[in-house]
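# Compute the structure for the input listed below.
(chains A and B)
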Amino acid sequence: MRIRTLTRPERSPATPGRPDAPGERQSPTVPKRSPRRPQRSRSRDGLNRFAVFAAPGLLVYLALVLVPIGITIGYSFTNKNPFNPPTRWVGLDNLTSLASDDEFLTALGNTVLVTVIVTVVTNAGGLAIAMLLDRRGWLYNALRSVFFVPVVLSAVVVSVIWQAILVDDGLLNSMLGQLGMSDPPGWLSDPSLALYTVAWVIAWQGLGFCVVIYLAGLQGIPQELHEAAAIDGCGPMMRFRHVTWPMLAPAVTINTVMSLIGGFKAYDQVQVLTNGGPGPGTTSTLAFQVIQTAFNGNHVGYASAMAVAMLALVAAVSVIALGLLQKREVSS
Amino acid sequence: MTRNPTLLRGAALAGALILTGCTAGGAGGSASSGDKVTLTFLTFETPNLDAKYWDAAIARASAKVPGVTIKKLVSPSADRTGYAKQLDSTGQFPDVMIGLNPAGFAEAGKLAQWSDNELAKYVEPRANTYDGKVYQLPYAAQATFVYYNKSAFAKAGIDAPPRTYDELLDDSAKLKAKGISPFVVGGGGKDSWADMFPLICTVATDVYKKTPDWLSQRSAGKVKFTDQAFVAAAQKVADLADKGYMDRAGLSRSYADTEQAFRDGKGAMYPMGSWFSASADTKKPSFDTGVFAWPTDQGSSALPGVTGGGMTVSSKAPDVKLAKKWAKAFMEDEKNLNAAVKADGLIIDIKGYTPPDNMGPVYKEGLAAFRNAQKSDGVVNSFSQETGDGSLPPGLADKAAAGVQKLLSGGMTAAQFGAYMDSQWDKATR
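Residues are numbered from 1 along each chain as shown, chains lettered A, B, ... in the order given. The predicted model follows:
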């Protein structure tokens, strides 16, 4: 028997009990209220309620994010130096100087490298771990917590712990020494290695976030699709390629964009682990360079220009990545 | 006007949040009410100068200046000058600061000037002047020595510390031949300043000994870091590393770990500030520690030293007069000075002060070496640590420390280091 479902035209506008509904209870002499008035009233109420809840957050966001960004953009057109007043308008001089500033360009190169490493490691590692943990049982639940712990720790705390492990006579090299390695690597003191070490620490901390997102994605894939693919003769690799990977497209988008932003913002780990060294700018990132230029060199205007360039770069990369990845979501 | 009470309540809440946010970062916690004033005091903590040390010293000074309440601010790293800049940029510049490099702050009028009367008790009242004005109490001197492991020296057949640079090289070779690393160095992470000490010594012996006002001349454009004198000083450091006399493997160590490495016998010599003497006396290593000044080529005296390190007061403190009174009370209190000498090995430059009798042998040996150098006019500037007119521009000491890391690791030649310093100087002063 076909069950008839209620459709919008069949719902009586005079349903008893609705206080604002016109109907039998209303006097026939009273003119009917325009059907648009209550809707407008409801939408205004909704807007008011939204404003009440959103206003504090919006105001705080305005005061602590948007206004400082505006001030920074303003400073970027000046030669502001708190120890060398007066501040003068220099137009685009700061921004054009960046193009030939070796320190800035080195920091930019380091940042791009760190971002690529972080994005690849967190996504590949996160997906692999998520697939291993996509099972039921207390052990897997416990392991999920273990992998997520670094995400909730402060980056400074994580860096201090890794510093104790990675210094030349630290835990890792002591272990390598006991295994017979006579000249273990200078993870933080070798200029050719330090940037990769810093990138590894950043990636390690971000891994747990990717694991959680990929796990959520994996658990959202209907089991029937795997079963159907298996019936069609697909092995594990084929199932991953044709079922799992396309269905994880939204998770890939989130993780990739978040990793890209995280990589570009890298600061704390650099400050604690290497202070930009060993050697001039070896591990300096854009965020680190901005802080150094502003607070060590006192060139607040120039540092602001760096920050504006960084903001534009992060925004451009995020928008491009988001566009490409969302297109992939649709096509898959 | 809206009659919606929910909206009004929301707006009020938002307004309160904004106001809370605004006032939280406003005055930096300083306040004045009647004859009571709260002052912020920026300090720093190290293994030698821990929280207990500062709290006790603050309490003693406050007891002498009624009406003052101190709110202690601790710099997140030993770089309190950098932290003071951050606080200044957010309108929270502290009222009283210790060990701040006044460069930049002084010229910008952010610091209160000390008068001749207020400096009457100080042995070298004009040790750090900015355009003839004093902004920091010059209460103590610090020097850079080479601390050495007497047992390691004996094991290598060395019976006395080196008196010339050639002897230093010979001794290093003997130590290395015995499987002992000649020098302990460090300076990883935020403590990159700790790698500067070998260069501080070679610049003192090879540059400042002959040209005491070298940095003033650099400022005037008369000399450059690429000149032979400075490059030769940097070359000595690079050579020591190339020969394997400097423990490159220690470059990632923090300051505390570097100190511990020497204590653990991981190297025979440790070029470090005179504050290490206090540590060597209180946490005595398993060997006897000796002290000598980094030798010049000919054996004359050229000991890098700096006098200053005391209190500075913000010109915008809620009560500058009272803040100065508290700062002087802190600096001149005998118990505080004794505690500073014991904890940090300071050489106090206040008239009439004598260090406690029970100071350890390393401190006494260092003090005697410093006084001898003073008598022979052998105390010279301490590169990257000097303050006052003729000091490095703000931020350049950190750049130099980063360069030294590369010099020690072989990634930069002495000539490249000189060129790097010149380019950084130009950037810092543009």
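
# you'd agree A:Gln205 is in a strand?
No: inclusion of A:Gln205 in a strand is not indicated when DSSP: H, G, I helix; E, B strand; the rest coil is applied; the result is helix.

# residues in contact with B:Arg248?
Neighbour list for B:Arg248: A:186, A:189, B:185, B:241, B:408-410 [criterion: CB atoms under 8 Å, 6 or more residues apart in numbering or on different chains]. In short, each C-beta sits where N, CA and C put it, glycine included.

# for A:Val151, same thing?
Residues counted as contacts of A:Val151 (CB under 8 Å, 6+ apart) are A:205-206, A:208-209, A:212.

# distance of it from A:Ala130?
Spatial separation of A:Val151 from A:Ala130 under the definition CB to CB, to the nearest Å is 14 Å.

# can you check A:Gly177 too?
Going from A:Gly177 to A:Ala130 by CB to CB gives 35 Å.

# B:Leu137 too?
60 Å.

# B:Asn101 now?
For B:Asn101, the distance to A:Ala130 under the criterion CB to CB works out to 50 Å.

# ok, for residue 234, nearest residue in space, not its chain neighbours?
Looking at chain A here, since you left the chain open. Here the nearest residue to A:Cys234 in space, its sequence neighbours aside, is A:His242; by CB to CB, 6 or more residues apart in numbering or on different chains that works out to 6.6 Å.

# that's the wrong chain, I meant chain B
Here the nearest residue to B:Ala234 in space, its sequence neighbours aside, is B:Ala414; by CB to CB, 6+ apart that works out to 3.9 Å.

# Pull the contacting residues for that neighbour.
Taking CB under 8 Å, 6+ apart as the criterion, B:Ala414 is in contact with B:231-232, B:234-235, B:237-238, B:407.

# try it again with 7 Å
Taking CB atoms under 7 Å, 6 or more residues apart in numbering or on different chains as the definition of contact, the neighbours of B:Ala414 are B:231, B:234-235, B:238, B:407.

# Helices of the stretch 201-332 of chain A, start to end?
Taking DSSP state H, counting those that start in this stretch, the helices of the stretch 201-332 of chain A run over residues A:223-231, A:236-239, A:245-247, A:249-264, A:268-273, A:286-291, A:300-331.

# so how far is the shortest one from its chain's centroid?
Between the mean C-alpha point of helix A:245-247 and the mean C-alpha point of its chain there is a distance of 21 Å (CA atoms, centre = their mean, to the nearest Å).

# Tell me where the longest strand sits in chain B.
Taking residue count as the measure and DSSP state E as the definition, the longest strand of chain B comes out as strand B:140-149.

# Most neighbours among the contacts of B:Arg248, please name it.
Per-residue neighbour counts (other CB atoms under 10 Å in any protein chain shown) across the contacts of B:Arg248 peak at B:Val185, which has 31 neighbours.

# So it is in contact with B:Ala249, correct?
No: between B:Val185 and B:Ala249 there is no contact, the gap being 9.5 Å when judged by CB atoms under 7 Å.

# Contact residues of the stretch 151-300 of chain A facing chain B?
If contacts are counted using CB under 7 Å from any CB of the partner chain, the residues of the stretch 151-300 of chain A sitting beside chain B are A:163, A:167-169, A:186, A:188-189, A:191, A:271-280, A:295-298.

# Might you name the residue of the stretch 201-332 of chain A sitting closest to chain B?
Closest residue of the stretch 201-332 of chain A to chain B, CB to the nearest CB: A:Gly279 (3.2 Å).

# what does the helix or strand just after the longest strand of chain B rub up against?
The element immediately downstream of strand B:140-149 (helix or strand, assigned by DSSP states H and E) is helix B:150-155. When contacts are taken as CB under 7 Å, 6+ apart, the neighbours of helix B:150-155 outside the stretch itself are B:175, B:178, B:180, B:268, B:287-290.

# Can you tell me the closest non-neighbouring residue to whichever residue of the stretch 51-200 of chain B sits closest to chain A?
Of the stretch 51-200 of chain B, the residue with the smallest distance to chain A, taken as CB to the nearest CB, is B:Gly104 at 3.8 Å. With CB to CB, 6+ apart as the criterion, B:Gly104 has its nearest non-adjacent residue at 3.8 Å, and that residue is A:Phe83.

# hang on, the earlier thing: wait, the residue of the stretch 51-200 of chain B closest to chain A touches B:Gly395, no?
No: with contact taken as CB under 7 Å, B:Gly104 and B:Gly395 are classed as non-touching, separated by 9.1 Å.

# overlap in contacts of those two?
Overlap between the neighbourhoods of B:Gly104 and B:Gly395 consists of A:Asn298, taking contacts as CB under 7 Å, 6+ apart.

# sorry, back to before: in JSON lines: the helices of the stretch 201-332 of chain A, plus mean pLDDT and mean neighbour count.
Conversion of the helices of the stretch 201-332 of chain A to JSON lines gives the following (pLDDT from 0 to 100; neighbours: other CB atoms under 10 Å in any protein chain shown):
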{"stretch": "helix A:223-231", "mean pLDDT": "90", "mean neighbour count": "12"}
{"stretch": "helix A:236-239", "mean pLDDT": "89", "mean neighbour count": "12"}
{"stretch": "helix A:245-247", "mean pLDDT": "91", "mean neighbour count": "15"}
{"stretch": "helix A:249-264", "mean pLDDT": "94", "mean neighbour count": "20"}
{"stretch": "helix A:268-273", "mean pLDDT": "94", "mean neighbour count": "25"}
{"stretch": "helix A:286-291", "mean pLDDT": "95", "mean neighbour count": "23"}
{"stretch": "helix A:300-331", "mean pLDDT": "91", "mean neighbour count": "17"}
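
# Can I get the ones you listed in TSV including distance to B:Met331?
Output for those, formatted as TSV (distance: least, CB to CB, whole Å):
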stretch	distance to B:Met331
helix A:223-231	75
helix A:236-239	74
helix A:245-247	69
helix A:249-264	46
helix A:268-273	32
helix A:286-291	32
helix A:300-331	32
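
# For A:Gly217, find the nearest of these.
Using CB to CB as the criterion, the shortest distance between A:Gly217 and the helices of the stretch 201-332 of chain A is 3.4 Å, found for helix A:249-264.

# can you list contacts of stretch B:327-339?
Around stretch B:327-339, the neighbours that count as contacts under CB under 7 Å, 6+ apart are B:53, B:56-57, B:60-61, B:64-65, B:96, B:118, B:121, B:137, B:139, B:310-311, B:313, B:348, B:350, B:353, B:356.

# Can you tell me which residue is spatially central in the chain?
Picking chain A for this. Within chain A, the residue whose C-alpha comes closest to the C-alpha centroid is A:Met258; the distance, by CA atoms, centre = their mean, is 2.5 Å.

# wait, chain B
A centroid search over chain B (CA atoms, centre = their mean) returns B:Gln385, at 6.2 Å, as the residue closest to the centre.

# List the contacts of the residue lying closest to it once chain neighbours are set aside.
The spatially closest residue to B:Gln385, leaving aside those adjacent along the chain, is B:Val306, at 4.8 Å (CB to CB, 6+ apart). When the contact criterion is CB under 7 Å, 6+ apart, the partners of B:Val306 are B:141-142, B:382, B:385-386.

# Also A:Ala312?
Contact analysis of A:Ala312 by CB under 7 Å, 6+ apart lists nothing.

# From A:Val270, how far out is it?
Taking CB to CB as the criterion, A:Ala312 is separated from A:Val270 by 21 Å.

# interface residues of the stretch 251-400 of chain B facing chain A?
Within reach of chain A by CB under 7 Å from any CB, the stretch 251-400 of chain B has these residues: B:251-253, B:257, B:394-395, B:398-399.

# Max pairwise distance over those: which two?
Distance extremes for those: the farthest pair is B:Asp257 and B:Pro394 at 27.9 Å, using CB to CB.
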